[in-house]
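S.K.: Sequence first, predicted coordinates after that:
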Amino acid sequence: MRISFGDLVIGDIAKKNFQKVFDKNWASEGDNVREFEAKFAKKFGYKHAIATSSGTDADIVACAALYDFGAERGDEILVPALSFVATANSILAAGFTPKFVDINLETLNIDPTKIEEQITEKTRAIMVVHTMGKPCDMDPILKIAKKYNLMIIEDACEAHGAMYKGKLVGKIGNMGAFSFYTAHQIVCGEGGMVTTDDDKIASVVRSVKSHGRPAGSLYFDFQRIGFNSKMNDMEAALGLEGIETFDVFFNKRKNNLYKLLDMTKDLSKFCYFIKEEQYEKVSPHAFPIVLKDKKYDRNKLYQFLESKSIQCKTLFGSLPTQHNAFKFLKYNFGDFPVAEYVGDAGLHFGMHQYLNDDDLHYVSDALHEYFNEFR
C-alpha cells in the first residue's frame, strides 16, 4: 500500500532502550515502563499515567476501577453506538453492560442531547470517545455527569494531544485511556495508558492492571478483581522515543491533514469531512469521510481507493445493530440511525507523519477522479 494507516520506524532512542532490556535480561514491566509513565505524565500534564498492555486494556481497567466507587456487576456504562469495538468489549470484559447512545453526524462523537434519555438507575459512568482525534463536546456531558453523579471515562486512544477549550483530553473527565498501536501518534507496537489526576483512582487502576493486588505489591494479596494488563519494557522502549518525537510528528500529521482538507474542499458537496472548531485542537489520527448521499456508494469508493493502493477501513458502524457480536443485547436496526448511516456511508484512511506532499496530491487526485462521475 502506498498510503497505509501508519508505520513503525525504530530509531536510536528506542534501540538504546531496547539495549537496557537485553542488558538486564528483564522484559516485563520494569524501568522502561516507569520512565515512560513519568515522561508521558510530564509531557501532557497528567498527575498520574499508568501503562497497560493495550488501549483496550486501558479501557478495561478504567471500567473495572468503578467497583471501588460503588458500581456493581451488571451496572451500565453509556458509550457511543459508533466507535472502535474495544470500547463496548472493554465494558463487557469489566463486568458491566454497555448502554449505547447515538452520535452526531458531523463530529462522529456521542450526541450529548441523546445521553439523558439512556440514563437509568443502573447507570454508573459515561465512556466518551474522541473519535478520529476530534474532541467530544464535553461541557454538556460534564453537566449531565454532575447531575446524575456519573463518572466519565475518556477513550482518547485516537486523540493524543487533542484539546477542548484549553484542556487536554484525558484530564477533562475522571480517567483517560490511550492506545499506542501503530496508527496512533505515539507507537509502542501495542500498549496503552490510563491517565487521571485523582490519587485514589490511580491507586485502584494500578491494582486492577496487576491482578487486583495493592499497587506496587508482588505478593498474593488480591483485594479486588483484576487483570494482567501490564505493559512490558520492550513496548515502553518504543514509546519513550515517541514522546521525544511527539511535537515534530504531531505537527507533521496536522499539516498533512490541513493540506488534504484544503485540496479536497471542493468535494464537500459530496462528503462530510472532519472540521476543527476554534475552541478545540483536533489530533490528526486519520482522514475520515462520510458520504452525504448513499448514491455515491461507499463500497465502490472503498474498492476504488484500495485499487489505488490507498488502504481504507470503514468507519466502525453501529456496534449494537450492525455487528453480530452484540446481537445478544437485543437492539434493533433503526435504534441508532446516525451511527447506522455512517456505518453504511463512511470510511477512513491514514494521515500520518511519513506521508509527503506527493502522497497527499496522489490521494486528492484519486478522490477527485472518483467523484468526477457524479458532477
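M.R.: Nice, thanks for sending it over.

S.K.: okay, CA-based contacts and neighbour counts for the rest of this
M.R.: Fine.

S.K.: So, low pLDDT: which residues of the chain?
M.R.: By pLDDT under 70, the chain has no low-scoring segment.

S.K.: top helix in it by residue count?
M.R.: helix 246-263 (DSSP state H).

S.K.: Can you give me the buried ones in that helix?
M.R.: Within helix 246-263, the residues that count as buried by 16 or more other CA atoms under 10 Å are 246, 249-250, 252-257, 259-261, 263.

S.K.: which one of the residues you listed sits closest to residue 183?
M.R.: residue 253 (11.5 Å; CA to CA).

S.K.: My guess is the closest one contacts residue 352. True?
M.R.: Yes: assessed by CA atoms under 8 Å, residue 253 is found in contact with residue 352 at 5.1 Å.

S.K.: what sits in contact with each of the two?
M.R.: With contacts defined as CA atoms under 8 Å, 6 or more residues apart in numbering, the residues shared by residue 253 and residue 352 are 284-285.

S.K.: surely residue 234 meets residue 27?
M.R.: Yes: with contact taken as CA under 8 Å, residue 234 and residue 27 are classed as touching, separated by 6.3 Å.

S.K.: neighbour-wise, which of those two wins?
M.R.: Using other CA atoms under 10 Å as the criterion, residue 234 and residue 27 rank with residue 234 on top: 25 against 17.

S.K.: what's near enough to touch that one?
M.R.: Contacts for residue 234 (CA under 8 Å, 6+ apart) come out as 17-18, 21, 27-28, 32.

S.K.: closest to residue 324 among those?
M.R.: residue 28 (35.9 Å).

S.K.: circling back: list the residues that are in contact with both of residue 234 and residue 27.
M.R.: Counting by CA under 8 Å, 6+ apart, the residues touching both residue 234 and residue 27 are residue 21.

S.K.: quick revisit: pull out the buried residues from the contacts of residue 234.
M.R.: Listed as buried from these are 17-18, 21, 27, 32; burial here means 16+ other CA under 10 Å.

S.K.: Max pairwise distance over these: which two?
M.R.: That would be 17 and 27, which, of the buried ones among the contacts of residue 234, are the farthest apart (CA to CA) at 11.1 Å.

S.K.: residues near residue 341, how many?
M.R.: Neighbour tally, residue 341, other CA under 10 Å: 19.

S.K.: contact partners of the one helix or strand it maps to?
M.R.: Assigned by DSSP states H and E, residue 341 belongs to helix 337-345. If you take CA under 8 Å, 6+ apart as the criterion, helix 337-345 is touched by 81-82, 102-105, 290-294, 297-298, 314-318, 321-322, 333-334.

S.K.: Please convert the buried members of those residues into PyMOL selection syntax.
M.R.: Listed next is the PyMOL selection for buried residues among the contacts of helix 337-345, using 16+ other CA under 10 Å:
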select buried, resi 81+82+102+103+104+105+290+291+292+298+314+315+316+317+318+321+322
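
S.K.: Just the contacts of helix 337-345: which are in strands?
M.R.: Among the contacts of helix 337-345, DSSP state E puts 290-291, 314 in strands.

S.K.: List the contacts of stretch 203-218.
M.R.: With CA under 8 Å, 6+ apart as the test, stretch 203-218 has contacts from 50, 52, 61-62, 64-65, 68, 194, 219-230.

S.K.: And those, which of them are buried?
M.R.: Here, 16+ other CA under 10 Å leaves 50, 52, 61-62, 64-65, 194, 224-227, 229-230 buried among these.

S.K.: Now the ones in strands among the contacts of helix 337-345 in CSV, please, with extra columns for distance to residue 360.
M.R.: Shown next, in CSV, are these (distance: CA to CA, whole Å):
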residue, distance to residue 360
290, 19
291, 20
314, 20
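
S.K.: Looking at those, which is nearest residue 199?
M.R.: Closest approach to residue 199 among the ones in strands among the contacts of helix 337-345 (CA to CA): residue 314, at 38.7 Å.

S.K.: re the thing from before, so which of the buried ones among the contacts of stretch 203-218 belong to helices?
M.R.: Those of these mapping onto helices are 61-62, 64, per DSSP H.

S.K.: Tabulate those residues in a markdown table, adding columns for distance to residue 123.
M.R.: As requested, those are exported to a markdown table (distance: CA to CA, whole Å):
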| residue | distance to residue 123 |
| --- | --- |
| 61 | 18 |
| 62 | 16 |
| 64 | 14 |
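
S.K.: out of these, which one sits closest to residue 109?
M.R.: For those, the minimum distance to residue 109 (CA to CA) is 19.9 Å, reached by residue 62.

S.K.: Now that closest one. Nearest residue, chain neighbours left out?
M.R.: Once flanking residues are discounted, residue 62 sits nearest to residue 205: 6.5 Å by CA to CA, 6 or more residues apart in numbering.

S.K.: Assumed that neighbour was part of a strand.
M.R.: No: assignment of residue 205 by DSSP: H, G, I helix; E, B strand; the rest coil gives helix, placing it outside any strand.

S.K.: And for it, the neighbour number?
M.R.: 32.

S.K.: oh, and call the first residue 270 from now on, that's how I've got it
M.R.: That works, and once the first residue is 270, the last one we named lands at residue 474.

S.K.: about what we covered before: sort out for me which of the buried ones among the contacts of residue 503 are in helices.
M.R.: 286-287, 290, 301.

S.K.: Next, format those as TSV and append distance to residue 613.
M.R.: Converted to TSV, those look like this (distance: CA to CA, whole Å):
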residue	distance to residue 613
286	44
287	43
290	46
301	43
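
S.K.: can you give me the helices for the stretch 320-469 of the chain?
M.R.: 324-333, 355-362, 407-417, 468-477 (DSSP state H, counting those that start in this stretch).

S.K.: Excluding chain neighbours, give the residue nearest to the residue nearest the centre of the chain in space.
M.R.: Of all residues in the chain, the one closest to the mean position by CA atoms, centre = their mean is residue 426, 2.5 Å from it. Excluding its sequence neighbours, the residue lying closest to residue 426 (CA to CA, 6+ apart) is residue 447, at 3.9 Å.
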